[in-house]
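In: pasting a predicted model and its sequence here:
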Amino acid sequence: MSDDDDDDRIQDYSHATPGYRRALWTVVVLNVGYGLAEVVAGFVSGSQALKADALDFLGDGTITLLGLLAIGWSLVWRARSALLQGVFLGLLGLGIIVTSAYRVLVLQQPEAEIMGLFGVIALVVNVASAWVLLPHRSGDANVRAVWLFSRNDAIGNVAVIIAAGLVAWTATPWPDLVVAVVIAGLFLQSSWAIIKDARGDLKVAQSPA
């Protein structure tokens, strides 16, 4: 990373614009609201993939809310906030893997129709979130974290829809379990990326001018 890039990162105030604040509030409402609805759907349908995706939505809502609260903070505190977000999402990813491993021992047939329906709705919600964040996808670790998860969530939703079709076709829960692990992998990959970005911001903020 060049000195000019470091200077740009320190002097980047795109996170403080009114438009970015409105975008963040929109994403918080979309993610938390639908995440709660998907938790209920996951338990009703017995779908581990829907439960994992619901955690993804709630995690994204939490990340976005932290990013909103961090607006106006110094770069070092924004980086620390992003670091906390990355650790939190990593723990969620590990939790999904543990839960999915348990589900393998107690196989139940999830309802593919409910999986598919909520998967399509989730895809619409994530595309809407990514769309409002599209003009604000670059900046410090907090800004990049919110964009990264909104973008990756659409990938997870497509996987849920595919799993619903495979569950109906094979009459087994295995595709559902595979998708849950894939979504957990997205959590862990994004967690690593955020932690790496946050550490970079901390290094920039704490280096001599």
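Out: Done, it's in. Numbers count the residues shown, from 1 in each chain.
In: where does this structure have low pLDDT?
Out: 1-16, 48-49, 100-116, 137-140, 208-209 (pLDDT under 70).
In: what sits closest to the most centrally placed residue in it if chain neighbours are left out?
Out: Most central in the chain under CA atoms, centre = their mean is residue 149, positioned 3.7 Å from the mean C-alpha point. Closest residue to residue 149 apart from its sequence neighbours, by CB to CB, 6 or more residues apart in numbering: residue 60 at 4.7 Å. (C-beta placed from N, C-alpha, C; glycine too.)
In: can you check residue 194 too?
Out: Distances taken as CB to CB, 6+ apart put residue 86 closest to residue 194, at 3.5 Å, once the chain neighbours are dropped.
In: ok, now residue 206?
Out: residue 76 (6.4 Å).
In: what residues are up against that neighbour?
Out: Counting by CB atoms under 8 Å, 6 or more residues apart in numbering, residue 76 touches 201-202, 205-206.
In: coming back round to it: packing partners of whichever strand or helix holds the residue nearest to the centre of the chain?
Out: Element membership of residue 149 [criterion: DSSP states H and E] is helix 141-170. Under the contact definition 3 or more CB pairs under 8 Å, 6 or more residues apart in numbering; DSSP states H and E, helix 141-170 sits against helix 18-45, helix 48-69, helix 75-105, helix 112-133, helix 174-206.
In: residue 134 - how many residues pack around it?
Out: Counted with other CB atoms under 10 Å, residues neighbouring residue 134 total 12.
In: ok, now residue 165?
Out: Neighbours of residue 165 using other CB under 10 Å come to 14.
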